[in-house]
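Here you go, sequence then predicted model.
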Amino acid sequence: MSKYRISRNIEGSLIQFIKDQTMLDWGNIPIVADFNRAYNQELPVISVRVETTNWERAEIGSNNLTSQIQVLINLFATNDGNRLDLKDYLINILKDGCPYYEYEVTKGRISDKKKVGYLRVIEINDNPENFNTPKSELDVHDRYRHLLNITVSTGKVL
């Protein structure tokens with residue numbers, strides 16, 4: 001048995017939260033951690049991945065650190081209306097944060113999770129993808145793609 005570290009815990013927590021919320025309001029939208037796996041799913045699909053982490057000293061003279069983590073949420077929609085509705089929906093459910101879990105893994109599968117806090121959303125940047133190519137020439141998954149770039153924090157000091 002092993003445990004996920006902070007980045008994978010954040011990814012897992014966000015994926016679980018988005019999955020639970022969208023299941024209630026949108027039905028079964030695939031939510032994946034690997035950007036490339038989105039291309040093997042039926043539209044709409046959402047990809048969640050942790051990117052850059054900024055570490056700062058918690059206080060002067062201390063070796064303790066706090067972090068702000070950048071998370072990229074790619075939306076692959078069926079059309080422009082679906083893209084706009086889905087991105088507004090996600091912003092609305094994410095703005096207040098979500099539960100933060102620590103995950104245990106056995107034989108490559110999540111075997112347990114424990115709620116240990118709350119992810120605070122510090123910032124949300126909302127960016128439609130523009131490839132400067134006619135939509136008809138793009139892969140169907142890229143025609144109505146949108147990127148939410150969010151910054152989150154666990155509030156924990158390491």
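Right, received. Where do you want to start?

So the residue lying closest to residue 125 once chain neighbours are set aside: helix, strand or coil?
Using Cβ to Cβ, 6 or more residues apart in numbering and skipping residues adjacent in sequence, the residue nearest residue 125 is residue 149, 4.2 Å away. Every residue, glycine included, has its C-beta placed from N, CA and C. Put simply, residue 149 is strand when judged by DSSP: H, G, I helix; E, B strand; the rest coil.

dump the residue contacts of residue 149.
70-73, 124-125, 127 (Cβ atoms under 8 Å, 6 or more residues apart in numbering).

Can you report how many residues lie near the nearest residue to residue 128 once chain neighbours are set aside?
Spatial nearest neighbour of residue 128, chain neighbours left out: residue 146 (5.3 Å); criterion: Cβ to Cβ, 6+ apart. Neighbour count for residue 146, taken as other Cβ atoms under 10 Å: 21.

Likewise for residue 79?
13.

Would you map the strands across the chain?
2-3, 31-32, 45-57, 65-76, 98-106, 109-128, 145-153 (DSSP state E).

Quick one, which of the ones you listed gets closest to residue 21.
strand 98-106 (8.7 Å; Cβ to Cβ).

Paired strands for the closest one, with orientation please.
When pairing is defined by DSSP bridges, strand 98-106 lines up against strand 2-3 (antiparallel), strand 109-128 (antiparallel).

Let's have those in CSV, adding mean pLDDT and mean neighbour count.
CSV is the format used below for these (pLDDT from 0 to 100; neighbours: other Cβ atoms under 10 Å):
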stretch, mean pLDDT, mean neighbour count
strand 2-3, 84, 12
strand 109-128, 91, 13
